[in-house]
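> From the sequence below, what's the structure:
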Amino acid sequence: VTPQPGVPPEEAGAAVAAESSTGTWTTVWTDGLTSLDRYKGRCYHIEPVAGEENQYIAYVAYPLDLFEEGSVTNMFTSIVGNVFGFKALRALRLEDLRIPISYIKTFQGPPHGIQVERDKLNKYGRPLLGCTIKPKLGLSAKNYGRAVYECLRGGLDFTKDDENVNSQPFLRWRDRFCFCAEAL
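So this is what the prediction gives:
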């Protein structure tokens, strides 16, 4: 964590914990309808990074009830989804993530492994390279397909949708699928 000037490191760590759990930018009336304390993330320790000015390691813990069992997507989106552009921070980097065995046991795993993906793509002996199509929202289905085409033509192995992309009126899933299939 690198706090903005004037922001104490403890406040920056607490802001990360709050924003990635129950916090929001304002108090809302519905706060009184739940036990926020039960579900909030906690920054339980801050220590300076040796040899670095104004950089700290913030230790944050989350209650497991915050996360859907077996959902890597939900867990990572919850932990890192909003905090990297947070105003209290000048910089933020995730260094370590420890997941309790009880939570790991809820994962069913992917339907197949990396070898199947490599076989489908006919790519071996190197990392697979991909990207998320940007801007995340606003492209028409046709232009989304064009972006996929250009990414693949440029050498990427795959592209993916941003987590905010679903089936909005301007970018319906079926239309996006058809233009992406054409791009392949």
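
> Now do the longest helix along the chain: which elements does it pack against?
Determined from DSSP state H, the single longest helix within the chain is helix 141-153. Packing partners of helix 141-153 (3 or more C-beta pairs under 8 Å, 6 or more residues apart in numbering; DSSP states H and E): strand 158-160, helix 173-183. Bear in mind the C-beta positions are built from the backbone N, C-alpha and C, glycine included.

> would you turn the ones you listed into CSV with mean pLDDT and distance to Val60?
CSV is the format used below for the helices and strands packed on helix 141-153 (pLDDT from 0 to 100; distance: least, C-beta to C-beta, whole Å):
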stretch, mean pLDDT, distance to Val60
strand 158-160, 94, 26
helix 173-183, 96, 35
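
> With mean neighbour count added, can I get the ones you listed in a markdown table?
Formatted as a markdown table, the helices and strands packed on helix 141-153 follow (neighbours: other C-beta atoms under 10 Å):
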| stretch | mean neighbour count |
| --- | --- |
| strand 158-160 | 15 |
| helix 173-183 | 15 |
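
> closest to Ile79 out of these?
strand 158-160 (18.6 Å; C-beta to C-beta).

> Who are the packing partners of the closest one?
strand 130-132, helix 141-153.

> is it possible to export those to a markdown table including mean pLDDT and distance to Val16?
A markdown table is the format used below for these (pLDDT from 0 to 100; distance: least, C-beta to C-beta, whole Å):
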| stretch | mean pLDDT | distance to Val16 |
| --- | --- | --- |
| strand 130-132 | 93 | 22 |
| helix 141-153 | 95 | 32 |
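
> Quick one: closest of those to Glu117.
That would be strand 130-132 among these, by C-beta to C-beta, at 10.7 Å.

> Tell me how far that closest one lies from the chain's centre.
13 Å (C-alpha atoms, centre = their mean, to the nearest Å).

> Parallel or antiparallel, list what pairs with it.
strand 158-160 (parallel) (DSSP bridges).

> re the thing from before, could you dump the helices and strands packed on helix 141-153 into CSV and include distance to Ile133?
As requested, these are exported to CSV (distance: least, C-beta to C-beta, whole Å):
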stretch, distance to Ile133
strand 158-160, 5
helix 173-183, 9
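
> With distance to Leu94 added, can I get the helices and strands packed on strand 158-160 in TSV?
Output for the helices and strands packed on strand 158-160, formatted as TSV (distance: least, C-beta to C-beta, whole Å):
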stretch	distance to Leu94
strand 130-132	17
helix 141-153	25
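
> Turn the ones you listed into JSON lines, columns for mean neighbour count and distance to Arg42.
Below are those laid out as JSON lines (neighbours: other C-beta atoms under 10 Å; distance: least, C-beta to C-beta, whole Å):
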{"stretch": "strand 130-132", "mean neighbour count": "13", "distance to Arg42": "30"}
{"stretch": "helix 141-153", "mean neighbour count": "17", "distance to Arg42": "40"}
